[in-house]
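# build me a structure from this.
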Amino acid sequence: MPPKAKKSKVKRTTKDRRPKRKPCSFCIEKAVDVSYRDVNRLRKYVSERGKIVPRRISGTCAKHQRMVTTAVKRARIIAFLPYTSE
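Residues are numbered from 1 along each chain as shown. The predicted structure is shown next:
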């Protein structure tokens, strides 16, 4: 058997660390469902150009991001939200 290699203790640099994720706003409020009628809240998850903001930027969990996506799409169909900016 080969001899065990010694693990060197190397300090991690700051670029190796990932910043702590911000918590999901829906999980904090214990929201069961995301409504397409709540336009003011959905506007926060749509960019100025009309695109749905991704999870890594908005900070929502995967479950609620899926709900946000369907709610935004429904709100667009009913014309609560615009598809694009003017």
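
# could you use CA atoms for every contact and neighbour count after this?
Will do.

# need the residue closest to the centroid of the chain.
Nearest residue to the geometric centre of the chain (C-alpha atoms, centre = their mean): Arg55, 2.3 Å.

# ok but Arg66 is inside a strand, no?
No. Using DSSP: H, G, I helix; E, B strand; the rest coil, the assignment for Arg66 is helix, not a strand.

# what sits against it?
Residues counted as contacts of Arg66 (C-alpha atoms under 8 Å, 6 or more residues apart in numbering): none.

# so Asn40 is in which element?
Secondary structure assignment for Asn40, by DSSP states H and E: helix 39-43.

# the residue nearest to the centre of the chain and Ile78, how far apart?
Noted for Arg55: a distance of 24 Å to Ile78, by C-alpha to C-alpha, to the nearest Å.

# and Ile77, what is it in contact with?
Contacts of Ile77 by C-alpha under 8 Å, 6+ apart: none found.

# cool, the one 3 residues further on as well?
Taking C-alpha under 8 Å, 6+ apart as the criterion, Phe80 is in contact with Arg37, Val39.

# state the phi and psi torsions of it.
Backbone torsions of Phe80, given as degrees, to the nearest 10, read phi -80, psi -30.

# same question, Ile52
Dihedral angles (degrees, to the nearest 10) for Ile52: phi -80, psi 130.

# run a quick neighbour tally on the spatially closest residue to it that is not a sequence neighbour.
Nearest non-adjacent residue to Ile52, counting by C-alpha to C-alpha, 6 or more residues apart in numbering: Val46, 4.5 Å away. By other C-alpha atoms under 10 Å, the residues close to Val46 number 21.

# repeat that for Arg74.
For Arg74, using other C-alpha under 10 Å, the count is 16.

# could you dump the lowest-mean-pLDDT helix or strand in the chain to CSV, C-alpha only?
Each helix and strand of the chain was given a mean pLDDT (mean pLDDT, DSSP states H and E); the minimum falls on helix 25-28 at a mean of 88. Taking Å, rounded to 0.1, in the frame of the first residue of the first chain, the C-alpha atoms of helix 25-28 are listed here in CSV:
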residue,chain,number,x,y,z
SER,A,25,-39.3,36.0,0.0
PHE,A,26,-42.3,33.6,-0.5
CYS,A,27,-40.8,31.1,1.9
ILE,A,28,-40.3,33.8,4.6
